[in-house]
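**Q** predicted model follows, preceded by the sequence.
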Amino acid sequence: MDSIVETEKEQGMLGLLFSGQGAQYVGMGRALQDASQAARGLFARADEVLGYSLSSICWEGPESELVRTEHCQPGIYVVSLAAWAALCERCPSLDAPGVVAAAAGLSLGEYSALAAAGGFTFEDGLRLVHTRGRLMQEACSASDGAMASVLGMEVEALSPLCSEHGVGIANLNCPGQVVVSGERSRVDRLVEALKAQGIRVIPLQVAGAYHSPLMAPAAEQLGDALERTPMQAELRFPVFANVNAQAHSGPEEIRDLLKAQVVGSVRWEESMRAMLALGVTTFVELGPGKVLTGLMRRIDRGVKVVRVEDMGTLEDAAAQLTG
């Protein structure tokens, strides 16, 4: 057995991180399906379940279709789980009980983490994220929302200003990076107030105000879909929830927390620190992009992070994880 796998099984130090919306790009996942039978099987199952060629949209675009929430959310879900499947195919011992200490996913990525942990089947999770994407797209179209990333300002100082302007906090990503969300006019006024104080703010190119009360209609309808989805009582490894930075404890809590996540804040930094406290010392980012690797470097530069999104990163991760 690989040396690092023996260490991880004894001490439980491997953590999985799954990509969130915004990491998508045309061509994502194609190299994985070309080289991995396990990844190829997931793309084929996804196309069959959805009744259209999601794989073609992921690999060929056009970008205008891929960025649509109802496509990019299931697309990232499939690519992320294909990355994990390809890594396990390359290093089978990683999938053994006790090797993974915990997992988390950024917003949408929480579904990928739960599927990897056996909370629900790949197919049921795919149906959920497709529904989630469609409902969120509808909520975006029915409102005029915006989001912005606030850099170099801690949440304790930002919160009073958000309350004053009627804007919510969507993401607590890492030290010095907080994302705000709400009605466009209110977000614009907050951005101007922050810039007047010399604070750096980056407006985000998104369809609407995710993780804000403007997503409430989507959350309510998603709750119905979650109630109809079979859930497993026990997970293969703990999965930390975005909204409370704690590990899911069972099917009803999974349903409640995933519904709350649509309108609630993503407490990513807290989730990462909880995983670190659990003993995780090596993280694997699975899915398109390297956003989560960058955030982890801001949270704890001493932690080892590898990632898998294509064949180059797959081979590099396999080499590092097998010592």
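**A** Done, it's in.

**Q** all helices of the stretch 151-300 of the chain, in order?
**A** 155-165, 184-196, 216-228, 251-261, 268-278, 291-299 (DSSP state H, counting those that start in this stretch).

**Q** so for Glu65, which of those sits nearest?
**A** helix 216-228 (20.4 Å; C-beta to C-beta). Yep, even glycine has a C-beta here, placed from its N, CA and C like the rest.

**Q** in this structure, where's the longest helix?
**A** Using DSSP state H to define each element, the chain has its longest helix at helix 69-90.

**Q** okay, the angle between that helix and helix 216-228?
**A** 40 degrees (axes from the mean of the first three to the mean of the last three C-alpha atoms, to 10 degrees).

**Q** what helices or strands is the next helix-or-strand element following helix 69-90 leaning on?
**A** Later in the chain than helix 69-90, the nearest helix or strand by DSSP states H and E is strand 100-105. Judged by 3 or more C-beta pairs under 8 Å, 6 or more residues apart in numbering; DSSP states H and E, strand 100-105 is in contact with strand 14-18, helix 109-116, strand 239-240, helix 268-278.

**Q** tell me which of the ones you listed sits nearest to Gln33.
**A** The nearest among the helices and strands packed on strand 100-105, by C-beta to C-beta, is helix 109-116 at 16.6 Å.

**Q** if I look at the closest residue to Asp124 other than its chain neighbours, how far off is Met13?
**A** Of all residues not flanking Asp124 in the chain, Thr229 sits nearest, at 5.2 Å (C-beta to C-beta, 6 or more residues apart in numbering). Applying C-beta to C-beta, to the nearest Å, the value for Thr229 to Met13 is 31 Å.

**Q** cool, and Arg255?
**A** In terms of C-beta to C-beta, Arg255 sits 30 Å off from Met13.

**Q** same thing with Ala157?
**A** According to C-beta to C-beta, Ala157 and Met13 sit 35 Å apart.

**Q** neighbour count: the two, which is higher?
**A** The neighbour comparison of Ala157 against Met13 (other C-beta atoms under 10 Å) goes to Met13, with 21 against 12.

**Q** residue contacts, that one?
**A** By C-beta atoms under 8 Å, 6 or more residues apart in numbering, the contact set of Met13 is 7, 101, 279-282.

**Q** Leu87 too?
**A** With C-beta under 8 Å, 6+ apart, Leu87 has these contacts: 94, 284, 286, 308, 314, 317-318, 321.

**Q** got the residues you listed as CSV, with distance to Leu172, pLDDT and neighbour count columns?
**A** Shown next, in CSV, are those (distance: C-beta to C-beta, whole Å; pLDDT from 0 to 100; neighbours: other C-beta atoms under 10 Å):
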residue, distance to Leu172, pLDDT, neighbour count
Leu94, 30, 92, 24
Val284, 22, 98, 25
Leu286, 22, 98, 31
Val308, 26, 98, 26
Leu314, 31, 96, 24
Ala317, 27, 96, 24
Ala318, 32, 94, 18
Leu321, 29, 91, 24
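
**Q** counting contacts, what elements does the helix or strand encompassing Arg134 pack onto?
**A** Assigned by DSSP H and E, Arg134 belongs to helix 122-141. Packing partners of helix 122-141 (3+ C-beta pairs under 8 Å, 6+ apart): helix 37-50, helix 69-90, helix 109-116, helix 216-228.
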